[in-house]
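Enquirer: here you go, sequence then predicted model.
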Protein chains: 2
Amino acid sequence: MNLASPPRKSFRETQFELREEAILDATNRLLGNKGYEAMSMDDIAAEVGIAKGSLYKHFESKEALAAAVMVRLLAQTDDALAAVPAHLPGIKRLEGLLRWTLSQRLGGSVPHLPSTSPSLQNSLLANRAYMDTLMALSERIGELIQRARAEGSLQPHLRDEFVLYTLYARTCDPTLDFLKASGSMSDAEIVDQMVSACFHGLAAPTAA
Amino acid sequence: MNLASPPRKSFRETQFELREEAILDATNRLLGNKGYEAMSMDDIAAEVGIAKGSLYKHFESKEALAAAVMVRLLAQTDDALAAVPAHLPGIKRLEGLLRWTLSQRLGGSVPHLPSTSPSLQNSLLANRAYMDTLMALSERIGELIQRARAEGSLQPHLRDEFVLYTLYARTCDPTLDFLKASGSMSDAEIVDQMVSACFHGLAAPTAA
DNA sequence: GTCTATACTGAGATAGAC
DNA sequence: GTCTATCTCAGTATAGAC
């Protein structure tokens, strides 16, 4: 992503950034497991192993910290999207992207959409960095959707924005959590069924 | 539902129950719009037009109040399910149920699954009345799923529990909120696309 | 049973020593 | 920059008059 890295960093700077990464990782886990409201700054500090006050030297508020986590996740998603082989048909690339995001989510990451917290959602909508990253990613996915549509692989009556939101929404689908909690299906099987149901539906194809 | 209603009620009792209904209605709206955490008891009191303290004469806690709302909603859903014509094939009855729940949600009601709030979710899991009602409803839906399966109208490789959770999850799908917020589609169109995508998928059927 | 006023608590954020 | 200790405030719940 970021190719314009400065030439040198002092040890202290490196340490600082490593700690910051650790904070983001911990927050990501906690967001994924407990959700935004239930996650306290004390929780994060304890998970990282530092004092709560120190968190505020890195991020000015809980909202800013959560936003940073989301921005990083969206950027990683953009990378994952770029990594999907470009020669595949559009619908297959969308499928690959969904697989990647679902795997992330099952691995304990925060959902891509902060739908689980209206308050976080509002603060993110006002966050410039988040909105920019989200727009850029949505732009790319939108292109894939149009490609898939041009290739005739999408249901013609479904609108582009409906398809886009639906793909985003799958990453915060509580079905994932319930199935994982029930323990009767492996992560791989859950992903398979979600992807299948998303693209081909619950109903058996009828011999039209 | 409740056929064993007592023969007579005093005026005061009736007033009391009407107010209680009003409280449940207001809470239902607020839950649907703001979510559990963001909704304060002050909000509810203001919406109903009574003092906050009075709320506690009706419900012993915020959790209990939210649980009462959810129980009522599940009971209504059970009624709606019973109202779907029984002569229809299983898959059509499931579709009808989904339509009803989506319409409720778009009308401002709380989602059937409290997935938007982990804390509420936990308190509900410990709530006897809620769990009983949820189990009863799931039982009925489960029967419909098995009927649809026996009729060959479900994808054979999707598990029953996956289908059940997926149907529940559609009622708290953030796609609904985003599409409604974008304003480019009518409620009816949103419901149509959601039902279509849920049962038949995003992808166009391939001529196998 | 409804009101006003208040106690209590959890959690976000800050101050100041080191 | 990190720590401990503290401030502040929102919000649940309760007390007490009527």
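Expert: Right, received. Where do you want to start? Numbers count the residues shown, from 1 in each chain, chains lettered A, B, ... in the order given.

Enquirer: so residue A:96 versus residue A:82, what's the distance?
Expert: Going from residue A:96 to residue A:82 by CB to CB, to the nearest Å gives 11 Å. Every residue, glycine included, has its C-beta placed from N, CA and C.

Enquirer: more neighbours: which of those two?
Expert: Under the neighbour definition other CB atoms under 10 Å in any protein chain shown, residue A:96 and residue A:82 were set side by side, and residue A:96 has more, 18 against 10.

Enquirer: and the host helix or strand of the more buried one, which residues are buried?
Expert: In this assignment (DSSP states H and E), residue A:96 forms part of helix A:90-106. Within helix A:90-106, the residues that count as buried by 16 or more other CB atoms under 10 Å in any protein chain shown are A:90-102, A:104-106.

Enquirer: same check, this time on stretch A:112-127
Expert: Buried, per 16+ other CB under 10 Å, within stretch A:112-127: A:112, A:113, A:114, A:115, A:116, A:117, A:118, A:120, A:121, A:123, A:124, A:127.

Enquirer: just stretch A:181-194 next, same as before
Expert: Neighbour-count burial for stretch A:181-194, with 16+ other CB under 10 Å as criterion, is recorded at A:185, A:190, A:191, A:192, A:193, A:194.

Enquirer: got it, and stretch A:195-205?
Expert: With burial defined by 16+ other CB under 10 Å, the residues of stretch A:195-205 counted as buried are A:195, A:196, A:197, A:198, A:199, A:200, A:201, A:202, A:203, A:204.

Enquirer: okay, and the second one sits in which element?
Expert: Same thing as residue A:196. Assessed by DSSP H and E, residue A:196 sits inside helix A:187-200.

Enquirer: please name every helix or strand in contact with that helix.
Expert: When contacts are defined as 3 or more CB pairs under 8 Å, 6 or more residues apart in numbering or on different chains; DSSP states H and E, helix A:187-200 packs onto helix A:90-106, helix A:160-170, helix A:174-182, helix B:160-170.

Enquirer: now that helix: mean pLDDT?
Expert: Over the span of helix A:187-200, the pLDDT mean works out to 98.

Enquirer: of the buried residues of helix A:90-106, which is the nearest to chain B?
Expert: Nearest to chain B among these: residue A:91, at 6.0 Å, using CB to the nearest CB.

Enquirer: the closest one and residue B:192, how far apart?
Expert: For residue A:91, the distance to residue B:192 - CB to CB - is 22 Å.

Enquirer: now residue A:165
Expert: If you measure residue A:165 against residue B:192 using CB to CB, the figure is 15 Å.

Enquirer: residue A:42 now?
Expert: According to CB to CB, residue A:42 stands 46 Å off from residue B:192.

Enquirer: with residue A:75 instead?
Expert: From residue A:75 to residue B:192 the distance is 35 Å (CB to CB).

Enquirer: residue A:179 now?
Expert: 27 Å.

Enquirer: in strands, which of the buried residues of stretch A:112-127 fall?
Expert: Among the buried residues of stretch A:112-127, no residue falls in strands (DSSP state E).

Enquirer: residue A:166 contacts residue B:197, correct?
Expert: Yes: Residue A:166 is within contact range of residue B:197, at 6.1 Å (criterion: CB atoms under 8 Å).

Enquirer: who in chain A is up against DNA strand C?
Expert: A:39, A:40, A:41, A:42, A:52, A:53, A:56, A:60, A:61, A:62, A:63 (CB under 7 Å from any atom of the strand).

Enquirer: what stretches of chain A score poorly on pLDDT?
Expert: Within chain A, the stretches with pLDDT under 70 are A:1-7, A:208.

Enquirer: for DNA strand D, what's the nearest residue on it?
Expert: Closest residue of chain A to DNA strand D, CB to the nearest atom of the strand: residue A:53 (2.7 Å).

Enquirer: wait, residue A:116 sits on residue A:38?
Expert: No: contact criterion CB under 8 Å: residue A:116 and residue A:38 do not qualify, at 9.8 Å.

Enquirer: any common contacting residues for these two?
Expert: With contacts taken as CB atoms under 8 Å, 6 or more residues apart in numbering or on different chains, residue A:116 and residue A:38 have residue B:118 as neighbours in common.

Enquirer: picking that back up, ok, and the most crowded of the residues of chain A next to DNA strand C?
Expert: Taking other CB under 10 Å as the neighbour criterion, residue A:39 ranks highest of the residues of chain A next to DNA strand C with 24 neighbours.

Enquirer: pull stretch A:82-90 out as PDB, backbone CA atoms only.
Expert: In PDB, the C-alpha atoms belonging to stretch A:82-90 read as follows (Å, rounded to 0.1, in the frame of the first residue of the first chain):
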ATOM      1  CA  ALA A  82      -5.800  -6.700  -5.300                       C
ATOM      2  CA  ALA A  83      -4.300 -10.100  -4.600                       C
ATOM      3  CA  VAL A  84      -7.200 -11.900  -6.200                       C
ATOM      4  CA  PRO A  85      -6.100 -13.200  -9.600                       C
ATOM      5  CA  ALA A  86      -7.200 -10.600 -12.200                       C
ATOM      6  CA  HIS A  87      -7.800 -13.000 -15.000                       C
ATOM      7  CA  LEU A  88     -10.800 -14.600 -13.100                       C
ATOM      8  CA  PRO A  89     -14.300 -13.600 -14.100                       C
ATOM      9  CA  GLY A  90     -15.800 -10.800 -12.000                       C
END
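
Enquirer: quick one: is it near chain B?
Expert: No: judged by CB under 8 Å from any CB of the partner chain, stretch A:82-90 stays clear of chain B, getting no closer than 10.7 Å.

Enquirer: which strand or helix spans the nearest residue to residue A:48 once chain neighbours are set aside?
Expert: Spatial nearest neighbour of residue A:48, chain neighbours left out: residue A:26 (4.8 Å); criterion: CB to CB, 6 or more residues apart in numbering or on different chains. Per DSSP H and E: residue A:26 is located in helix A:11-34.

Enquirer: hmm, that helix in reach of DNA strand D?
Expert: Yes: Helix A:11-34 lies within reach of DNA strand D by CB under 7 Å from any atom of the strand, at A:12, A:16, A:19.

Enquirer: show me what counts as buried in the next helix or strand after that helix.
Expert: Counting by DSSP H and E, the next helix or strand C-terminal to helix A:11-34 is helix A:41-48. Neighbour-count burial for helix A:41-48 flags A:41, A:43, A:44, A:45, A:47, A:48 (criterion: 16+ other CB under 10 Å).

Enquirer: contact residues of chain A facing DNA strand D?
Expert: Residues of chain A lying near DNA strand D (CB under 7 Å from any atom of the strand): A:12, A:16, A:19, A:50, A:51, A:52, A:53, A:54, A:57, A:58.
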